[in-house]
Structures are given as structure tokens and as C-alpha cells.
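S.K.: sequence first, predicted model second:
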Amino acid sequence: MEVFYYLVFGALGAVVAALELSKTNKDRVNTTTAFNSFKNNYLLVYSLMMAGDWLQGPYVYFLYSTYGFGKGEIGQLFIAGFGSSMLFGTIVGSLADKQGRKRACVTYCITYILSCITKHSPQYRILMLGRVLGGIATSLLFSAFESWLVAEHNKRGFEQQWLSVTFSKAIFLGNGLVAILAGLFGNLLVDNLSLGPVAPFDAAACFLAVGMAVIMSSWSENYGDPSESKDLLTQFKGAAIAIASDEKIALLGAIQSLFEGSMYTFVFLWTPALSPNDEEIPHGFIFATFMLASMLGSSIASRLLARQSPKVESFMQIVFVISAASLLLPIVTNILVEPSKVRGGSISFSGCLQLLGFCTFEACVGIFWPSIMKMRSQYIPEEARSTIMNFFRIPLNIFVCIVLYNVNAFPITVMFGMCSIFLFVASILQRRLMVIADKSKTEDWASMKDKNMEAEPLNI
């Protein structure tokens, strides 16, 4: 492996460590032994589930390409996954509430294991079936586990404040440390041990099987509340009314769809962008580097969100502009740097520059997740939160499917340019959201002031 990859990874690691070590110590929440045992059990399961997911990510495109499929055919396979997630994601939460969250979590494990098994076949139909199963599993991963945790936490009588402790640690482990270790482990299996591109999928199946065993042996079943047993049509109607009647919610949904759509498109494009001439690149190590860059963004976001100023609506405008500029780098390098015509070999100079830009984009992704969570908590009403969030994913998945369906019709530079435009539009919408939010707060303050003046007795 070239020194360049180590330098980028080491530099990012040093910056993340410096940011984390320079933080002031925060007060720890005092909990009970029973809660700590419950939390650690969930964190173990969640980490195993995320390991099973992260191990597959860097090698999906690479595996399909080794089977001889072109960019268009691979795009159709990706469409099947996103389409399946779009179709089942809107109903899977309701099914988990009615049939049981533990059962839904076990179903996730079985479905994803079957999806991993299909990767052994080079037949297109079998791989398509695997993508459909993977889409269903993704929907379960981002709904069933959180639903089980919240219900079980409340059923056991733990304090509501402690729930945030579990969430924060789950994000740190599952979306940070586990993702990096999964990338390095996948790289070890494929590049160092030369076990082939299907090896990470076999390893993922093993982690999922272990997690399923822990779930079946230590988790109790829980179901949704009676108030949650509305039919889908009623839920969607209420969500549509909330979005249509509040511009802030509509803007938030558009911003989320634009950014996540660009992000998922990037996931599809980064491999061919860094190896246009079939250069040998360490997919797992690059993936781990991206996750480290995302952790850097998360560390920056934690500092920004802890302060009164700048507000999240303000600094996210800058984040979207930076992310738009970072995805313009493939276009810039294609114009300014003469492309290499040598087949194979190591990553080119243009690829090195693009890798740095992609790390910048991943850092923006790390800032985006906690920031969009905070804005969702501010603007989306609690009584319709999950339904509205599922509503947001419908245009997101449609957008990604349309992009991937037409991916073979356009050069990679055009696709990156389109993503950059969408991110720039997101910054404009973010600006509009900030203006509306400030105006709403000003009107609320003025109304409160008038009420206080009316309540004061007149001194005659």
C-alpha cells in the first residue's frame, strides 16, 4: 500500500485525536448497574449489526465489477436496493410495531445473511434478489432496533435522560469506530489475505449470526402502543398536511433529500472516480479513511452545537457550500490535470487530489448527521415524527433511483456536477429556513411581549 494512504489516514487520525483530547470534561450522567447492563447489551448487538452492514459497503460495486457487469448494470442493481428500501421502508415500522420489534430485528439478521449469501453467485438475477433483500434489511436496521430500544427502555422504568446516553454511544461505536475497523478488516481479508471480494460478505454474515444469537437469547419482545396502530393511509395523510402547512418542515425535508441523495450517489461513484483506468486501490482502507473523516466532522459538529453561536441553521449553509465545492474537484482535476492513459497500476495524481476532496465531503457528512437531527427535533412535531421522516425518504429514494438508472448515459464528471448543484441548492434552502426560523422567533417574542404588557396593571 502506498505511503499516501497512510499519510491521509494518519493526518485525519491526529486531527480527530487532538480535537477530542482538547475538549473540556463534561459531567457524566449517574446511572444504575441495571441500566448499564441493559445499555451494554444493546451496544453489543448494535455494533455487531453495524459491522455486518459496514463490511459490505466498500465492496459492493467492486464485487459486481469483478463479475463482469458494467456501470449501467451495476446501477440497476443499486436501484433495486434503493427501490426496495423505498417500498418497504414506509411500512416496515408499522409491521414491527404490530408483529414485535424483537422479531423484526431477527428478521433483519436473516434477511441480510441471505443477501450476503447471494453474493457468491455471478448470476444477475440472484444478485438482484440479494439487492432487494438488502433494501428490506436496511429499512429494518434503521427502524426496528431503535423502536425496540425506546420501548424496552421505558418498560424497564429507566429515566428518560439515560436514553440519550445509549444513543450517543451507539452512534460513536456503530457509525464511527466499528465502521473504521470494518473497513480495515475488509481490506485485510481482500488485499492482505487475498480471499477475494466476496470474503467481507461472508464475514458480515458471521457477525450478523452472532448478533442474532444474542438477540434471541437476551432480548424480550415488545410491541407498539395502541395509539401507533393507525393505518398507513391515515399516517401519510397527517404527515402530508403537516408538511404542506409548515414551510420549515417542507424545507427541512427538501434539504435532507438533496444532501442524502448526493451522498448516496457519491457512494456509487467514488470507486470508478478513483480508478478510471482500473487502478489498484485499497477499497477497505479508503473506506476506513472516509469514516475517519466523518468522525472528524462529528467532532467539529459537537463543538459547534454546544455553542449558542453560530446557530445550526447558519453554519450548515457553509457546510453545504463546502460539500458542493468538494464534489466539483473531479471536474476541476479532469480539466486541469491530464488524465492518465495507463491501464492498471497505482492511483494517479488526479486520484490523490480527488481522494482529499472526498475526505472533505465525508467530513461535511459527519457534520450533517448531528446537525440535521437537531433541526428535526426543533421543527418536526413529536406526534408525527416517524411518519414525516419516512415521508422524507420517499423523494430521496426516488431521486437516487433516477440518478442510478441514468448513470450510464452521463460521464462521472456530469454526475458529480449534478450532485454539486443539488448541494448548492440545499445551501440556498438552508438560508431560507434560517430566515423563516428567525422571523418566527421574532414574532413569538413580540407576541409574548404584548401579552405581558396587557397583563400589567395601569398605574393611575
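M.R.: Nice, I can see it. Keep in mind that what you see is a predicted model, and the values were worked out from it rather than measured.
S.K.: how about the helices in the stretch 351-460 of the chain?
M.R.: Assigned helices in the stretch 351-460 of the chain, in chain order: 385-405, 412-455 (criterion: DSSP state H, counting those that start in this stretch).
S.K.: check what pLDDT residue 258 gets.
M.R.: What the model reports as pLDDT for residue 258 is 91.
S.K.: buried residues of the helix or strand hosting it, list them for me.
M.R.: Element membership for residue 258, per DSSP states H and E: helix 247-274. Along helix 247-274, these residues count as buried under the neighbour rule (16 or more other CB atoms under 10 Å): 248-274. Every C-beta, even on glycine, is put in place using the N, C-alpha and C of the backbone.
S.K.: what helices or strands is it leaning on?
M.R.: Counting contacts by 3 or more CB pairs under 8 Å, 6 or more residues apart in numbering; DSSP states H and E, helix 247-274 packs against helix 60-66, helix 71-99, helix 232-245, helix 283-305, helix 312-326, helix 349-379, helix 385-405, helix 412-455.
S.K.: residue 50 is nearest to which of these?
M.R.: Nearest of the helices and strands packed on helix 247-274 to residue 50, taken as CB to CB: helix 283-305 at 11.1 Å.
S.K.: okay, the angle between that closest one and helix 349-379?
M.R.: Angle between the axes of helix 283-305 and helix 349-379 is 40 degrees (criterion: axes from the mean of the first three to the mean of the last three CA atoms, to 10 degrees).
S.K.: mind giving me the packing neighbours of helix 283-305?
M.R.: helix 3-21, helix 178-187, helix 247-274, helix 312-326, helix 349-379.
S.K.: what angle sits between it and helix 247-274?
M.R.: Orientation of helix 283-305 against helix 247-274 (the same axes, to 10 degrees) gives an angle of 150 degrees.
S.K.: which positions within helix 283-305 qualify as buried?
M.R.: Buried-residue list, helix 283-305, by 16+ other CB under 10 Å: 283-302, 304.
S.K.: show residues contacting the helix or strand harbouring residue 126.
M.R.: Residue 126 is part of helix 124-141 when elements are defined by DSSP H and E. Helix 124-141 is contacted by residues 49, 53, 56, 64, 67, 69, 73, 76-78, 80-89, 92, 96, 104-105, 107-108, 111-112, 114-119, 121 when judged by CB atoms under 8 Å, 6 or more residues apart in numbering.
S.K.: that helix - what's its average pLDDT?
M.R.: 89.
S.K.: same question for stretch 201-210.
M.R.: On average, stretch 201-210 scores 95.
S.K.: what's that stretch in contact with?
M.R.: In contact with stretch 201-210 (CB under 8 Å, 6+ apart) are residues 48-49, 51-53, 55-56, 59, 63, 109, 112-113, 116-117, 119, 185-186, 189.
S.K.: go through the residues you listed and flag which are in helices.
M.R.: Members of those lying in helices (criterion: DSSP state H): 48-49, 51-53, 63, 109, 112-113, 116-117, 185-186.
S.K.: PyMOL command for the buried members of the residues you listed?
M.R.: Here is the PyMOL command that selects the buried residues among the ones in helices among the contacts of stretch 201-210 (16+ other CB under 10 Å):
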select buried, resi 48+49+51+52+53+63+109+112+113+116+117+185+186
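S.K.: on that earlier part again, CA atoms of the helix holding residue 126 as PDB?
M.R.: The C-alpha trace of helix 124-141 is given here as PDB (Å, rounded to 0.1, in the frame of the first residue of the first chain):
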ATOM      1  CA  TYR A 124     -27.500 -11.300 -12.400                       C
ATOM      2  CA  ARG A 125     -31.000 -12.400 -11.200                       C
ATOM      3  CA  ILE A 126     -29.500 -13.900  -8.000                       C
ATOM      4  CA  LEU A 127     -27.600 -10.600  -7.300                       C
ATOM      5  CA  MET A 128     -30.800  -8.700  -8.000                       C
ATOM      6  CA  LEU A 129     -32.600 -10.800  -5.400                       C
ATOM      7  CA  GLY A 130     -29.800 -10.000  -3.000                       C
ATOM      8  CA  ARG A 131     -30.200  -6.300  -3.500                       C
ATOM      9  CA  VAL A 132     -33.900  -6.500  -2.800                       C
ATOM     10  CA  LEU A 133     -33.200  -8.400   0.400                       C
ATOM     11  CA  GLY A 134     -30.600  -5.800   1.300                       C
ATOM     12  CA  GLY A 135     -33.100  -3.000   0.800                       C
ATOM     13  CA  ILE A 136     -35.600  -4.700   3.200                       C
ATOM     14  CA  ALA A 137     -32.800  -5.300   5.700                       C
ATOM     15  CA  THR A 138     -31.700  -1.600   5.600                       C
ATOM     16  CA  SER A 139     -35.300  -0.500   6.300                       C
ATOM     17  CA  LEU A 140     -35.400  -2.800   9.300                       C
ATOM     18  CA  LEU A 141     -31.900  -1.700  10.600                       C
END
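S.K.: what residues of that helix count as buried?
M.R.: For helix 124-141, by 16+ other CB under 10 Å, it's 127-141.
S.K.: ditto for stretch 331-339
M.R.: 331, 333-334.
S.K.: between the residues you listed, which sits nearest residue 368?
M.R.: Checking the buried residues of stretch 331-339 against residue 368 by CB to CB gives residue 331 as the nearest, at 22.0 Å.
S.K.: quick check, pLDDT for that closest one.
M.R.: 91.
S.K.: just checking, it touches residue 416?
M.R.: Yes - using CB atoms under 8 Å, residue 331 is in contact with residue 416, at 6.1 Å.
S.K.: next one: residue 262 from residue 255, what distance?
M.R.: 11 Å (CB to CB, to the nearest Å).
S.K.: mind listing the shared neighbours of residue 331 and residue 416?
M.R.: Counting by CB under 8 Å, 6+ apart, nothing touches both residue 331 and residue 416.
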